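S.K.: Give me a model of this one.
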Amino acid sequence: MSLLEQASLVMIPSGYKEDVVYCPKPTDGSGDLTFTRASDGTRVNSSGLVENVPWNLFQYSNDFSNVAWTKYNATLTSGQSDPFGGTNAWKFEAIISAQADFRQTVSGANSYSFYAKAGTSPEFRLWSGTSGTIFNLSTGTISSGSGIIESVGNGWYRCTILTSTSASVTLIPYFVGNAGDYIYVAFGQAQTTTTAKPYFPTTDRQNVPRLTYEGGCPSLLLEPQRTNDVFPSEDFSGYSGSGATISTNQAVSPDGTQNADLMYPATSGNFAGKYKNVAATTTGVVSCFVKQAGKRYAIVGTDNNATYTCIFDLQTATVVYEATNYTGSIEALSNGWYRISAVYTSSTAAAYPFIGVADNSSGSVVVDGTNGIYIWGFQYERNVSYPTSYIPTTSASVTRVADAAYKTGISSLIGQTQGTLFADIIRTTSTGNDSFWLNINDNSSNNWIFMGIDGLGSRFYLRASSTTIVDEYPSLSLGRHKLAIAYQSGSIVGYIDGTQVFTSSSTYTIGSLTGINLGYSGASLGTPVNTPAQVNEVVLFPTSLTNAELAALTTL
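M.R.: Below you'll find the model as predicted:
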């Protein structure tokens, strides 16, 4: 029998939906984790692109009875046969002899799609802003306007229109017919990219987990609340500074869209670039996605001079200059893109997040036609000491709320008198106060077992009947690690990466353990994270594994 066969709960990031992270074990779903984050977030997908989660901008994308959809001269009846063998489609029927439609307003979409099938009417129309397209559902052709119509079988078509991003656009699916005429519709999607994505069902569009592929394989990304105070984050044409010229939408950005700007020097000199004026702070992070476009060096910081910046060589992917009190980092993405960041801590408040282009590590530059760098996704996080995932902005600051992943009421899956916790995690930042712990408890601090990242190392902790039994702090570097703690009265053992890091023979009597929390150690189950990490796997065993089993389980 393999070790995983002995487990009572296994979380390997692979499946998710709103509010839920699926666990392949137990198979009846009783261990699936509850997930909350009352906002959107971004991730790196399996193609190496930065994308929003969820990518479907519609609320209640297949619940057309919901008030999120405004109906005119139409009734929509659920329970109809859908394109994929279910009964999730809707009968879209005209009440009177006039245009029948339903509509929803969204912001920032570049494409809209619906699945549609002819009924008594063969016509289906999509209208966005000032343009519309007529799809003929009998012939599978476009009668008027521009768009894409794709057969998916059984008379169903996926109908798509492309549009330019707008701050607010109302999408109107409709047809014109006599009273009683109808067609069938299903699965609406609005997305920021023009390349069709698989349909993603939404309700209120909140609490969608993020499976990021930054390490190649999917891991559950959990981060604290953060705000991007720079806006707009993807259009640099209105930024201040005369040292550089901006040409908009010149390259495909890390999100796969032709929306990256070209920055090139306007005059020869030092620290050519652009900046925004924002609220000042003495601690923060400035970051930007950059790519070579004839120039080799990029600059990011809090003002346009050597005292407030870090400089990066985009050819060697290295940090070549850091001002006093500034720390630079560079992360490779796909297609020649990098994300560069400058963390600063200074007694002097900074208020001018800056992105620049250079010819060398000293920050000087000469005009050489339009040679420069591509830039996209500018971010300024105030009063923090490390960067987090990209937060897109348009006309105002945007806040991404903290992630929380937990499960209550699972005492039957947790070893009560003995058991083992295992976690495969990636430590993405290292500061003196960060903590990311896998913990089981009784929804209080009376009975509590956890392990994970803490401060500049790790922490293993066991508290029974309000008495601390074990509290150990082994070292833990950045990167991927496998941790485990096996517990039973008289024998408590901790392992990291195949090596035993502590043992204790203390005896104890522990109360009922009822739930699991991924993230902060907060004794209340559901407490959101306060530092980021990527979770590759979490396993609970109802028995205390042997040292040999712990060594095998945690070896990288």
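
S.K.: what's the nearest residue to residue 3 once chain neighbours are set aside in contact with, if anything?
M.R.: Distances taken as CB to CB, 6 or more residues apart in numbering place residue 553 nearest to residue 3, at 5.8 Å, with adjacent residues excluded. Any C-beta I mention is one placed from the backbone N, CA and C, and that applies to glycine too. Residues near residue 553 by CB atoms under 8 Å, 6 or more residues apart in numbering: 3, 422, 482, 484, 495, 545.

S.K.: now with 10 Å?
M.R.: 3-4, 420, 422, 424, 482-484, 486, 495, 498, 539, 541, 545 (CB atoms under 10 Å, 6 or more residues apart in numbering).

S.K.: Just say helix, strand or coil for it.
M.R.: Using DSSP: H, G, I helix; E, B strand; the rest coil, the structure places residue 553 in helix.

S.K.: ok, it to residue 236 distance?
M.R.: Residue 553 sits 49 Å away from residue 236, going by CB to CB, to the nearest Å.

S.K.: Next: residue 550.
M.R.: Look at residue 550 and residue 236: by CB to CB, they are 52 Å apart.

S.K.: Residue 372 reaches residue 251, doesn't it?
M.R.: No. The pair residue 372 / residue 251 is not scored as a contact, 11.0 Å apart, by CB atoms under 10 Å.

S.K.: Name the residues contacting each of the two.
M.R.: 261, 262, 293.

S.K.: now do the same end-to-end measure for stretch 267-276.
M.R.: 20 Å (CA to CA, to the nearest Å).

S.K.: Buried residues, that stretch. List them.
M.R.: 271, 272, 273, 274, 275, 276 (16 or more other CB atoms under 10 Å).

S.K.: you'd agree the fourth one is up against residue 236?
M.R.: Yes. Using CB under 10 Å, residue 274 makes contact with residue 236 at a distance of 5.5 Å.

S.K.: anything in contact with each of the two?
M.R.: In contact with both residue 274 and residue 236: 244, 246, 261, 263, 355, 375, 378, using CB under 10 Å, 6+ apart.

S.K.: Next, format these as a markdown table and append neighbour count and secondary structure.
M.R.: Listed next are those as a markdown table, based on neighbours: other CB atoms under 10 Å; DSSP: H, G, I helix; E, B strand; the rest coil:
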| residue | neighbour count | secondary structure |
| --- | --- | --- |
| 244 | 25 | strand |
| 246 | 20 | strand |
| 261 | 24 | strand |
| 263 | 30 | strand |
| 355 | 30 | strand |
| 375 | 30 | strand |
| 378 | 28 | strand |
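
S.K.: Which two among these are spaced furthest apart?
M.R.: By the measure CB to CB, 244 and 378 form the most distant pair in those, at 13.4 Å.

S.K.: mind listing the helices in this structure by residue range?
M.R.: For the chain, the helices defined by DSSP state H occupy 3-6, 547-554.

S.K.: Out of the ones you listed, the one nearest residue 428 is which?
M.R.: Comparing the helices of the chain by CB to CB, helix 547-554 comes nearest, at 19.6 Å.

S.K.: Now do that closest one, average pLDDT.
M.R.: On average, the pLDDT along helix 547-554 is 96.

S.K.: Restrict that helix to CA atoms and write it as PDB.
M.R.: C-alpha atoms of helix 547-554 as PDB (Å, rounded to 0.1, in the frame of the first residue of the first chain):
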ATOM      1  CA  ASN A 547      10.600   8.000  10.600                       C
ATOM      2  CA  ALA A 548      11.400   6.000   7.400                       C
ATOM      3  CA  GLU A 549       8.000   6.900   5.900                       C
ATOM      4  CA  LEU A 550       8.400  10.600   6.900                       C
ATOM      5  CA  ALA A 551      11.900  10.700   5.300                       C
ATOM      6  CA  ALA A 552      10.500   9.100   2.100                       C
ATOM      7  CA  LEU A 553       7.500  11.400   2.000                       C
ATOM      8  CA  THR A 554       9.400  14.600   2.400                       C
END
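
S.K.: domains in the chain, as residue ranges please.
M.R.: Listed by automatic domain parsing, the domain ranges of the chain are 3-40+404-554, 70-191, 227-399.

S.K.: Can you report how many residues neighbour residue 338?
M.R.: 19 (other CB atoms under 10 Å).

S.K.: Over to the one 5 residues further on?
M.R.: Neighbours of residue 343 under the rule other CB under 10 Å: 23.

S.K.: Ok, residue 317 next?
M.R.: Burial measure for residue 317: 12 neighbouring residues, criterion other CB under 10 Å.

S.K.: now the one 3 residues further on
M.R.: By other CB under 10 Å, 16 other residues sit near residue 320.

S.K.: so what's the nearest residue to it once chain neighbours are set aside up against?
M.R.: Of all residues not flanking residue 320 in the chain, residue 361 sits nearest, at 3.9 Å (CB to CB, 6+ apart). Contacts for residue 361 (CB under 10 Å, 6+ apart) come out as 296, 297, 311, 312, 313, 318, 319, 320, 321.
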